[in-house]
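Colleague: Give me a 3D structure for the following:
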Amino acid sequence: VQLLESGGGLVQAGGSLRISCAASGFESDDYAVGWVRQAPGKEREGVAFITYSDHTTDYSDSVKGRFAIFSDNAERMVYLQMDSLKSEDTAVYYCAASYRPATQYDHWGQGTQVTVSS
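Modeller: Coordinates of the predicted model:
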């Protein structure tokens, strides 16, 4: 499994940014891809995930209503649309994946930096 993130950068508070994950190498379609972020000095936080087969999604309370995860199965891409960004959204965002059922992610990308300036 290979996960490759792109699209991070610097954005002003209140702005929007979309980050992408190219997900490949899965041996079945029964898997989930999520976005996990880590800010300096803080624990990793899972912010959203989507299942490949039926596009079930879920979000952390901290981003619900502001972020949206969606996928393009044909292109094997997973996106995280981030709106109404806040300074506390600043973090390295990792794309992560696991076959279902799972209680943790088994595969990780290298991460992409998102910085929100206030």
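Colleague: For the rest of this, base every contact and every neighbour count on C-alpha atoms.
Modeller: Fine.
Colleague: In three-state terms, label the spatially most central residue of the chain for me.
Modeller: Computing the C-alpha centroid of the chain and ranking residues by Cα atoms, centre = their mean puts residue 35 first, at 2.3 Å. Under DSSP: H, G, I helix; E, B strand; the rest coil, residue 35 falls in the strand class.
Colleague: Which secondary structure element is home to the closest residue to it other than its chain neighbours?
Modeller: Leaving aside its sequence neighbours, residue 35 sits nearest to residue 95 (Cα to Cα, 6 or more residues apart in numbering; 4.8 Å). Element membership for residue 95 (DSSP states H and E) is strand 91-99.
Colleague: gap between the two ends of stretch 87-96?
Modeller: One end of stretch 87-96 to the other measures 23 Å (Cα to Cα, to the nearest Å).
Colleague: burial measure for residue 82, as a count.
Modeller: Neighbour count for residue 82, taken as other Cα atoms under 10 Å: 20.
Colleague: Just read off the phi/psi values of it.
Modeller: Backbone torsions of residue 82, given as degrees, to the nearest 10, read phi -120, psi 120.
Colleague: tell me the pLDDT at the residue nearest to it when sequence neighbours are not counted?
Modeller: Closest residue in space to residue 82, ignoring its immediate chain neighbours: residue 67 at 4.5 Å, by Cα to Cα, 6+ apart. Looking at residue 67, its pLDDT is 98.
Colleague: any chance you could map the strands in this protein?
Modeller: 2-6, 9-12, 17-24, 31-38, 45-51, 57-59, 67-72, 77-82, 91-99, 107-108, 112-117 (DSSP state E).
Colleague: strand partners of the last one, parallel vs antiparallel please.
Modeller: When sheet partners are counted by DSSP bridges, strand 112-117 sits next to strand 9-12 (parallel), strand 91-99 (antiparallel).
Colleague: so how far is that strand from its chain's centroid?
Modeller: Centroid separation for strand 112-117 versus its chain: 13 Å, with Cα atoms, centre = their mean, to the nearest Å.
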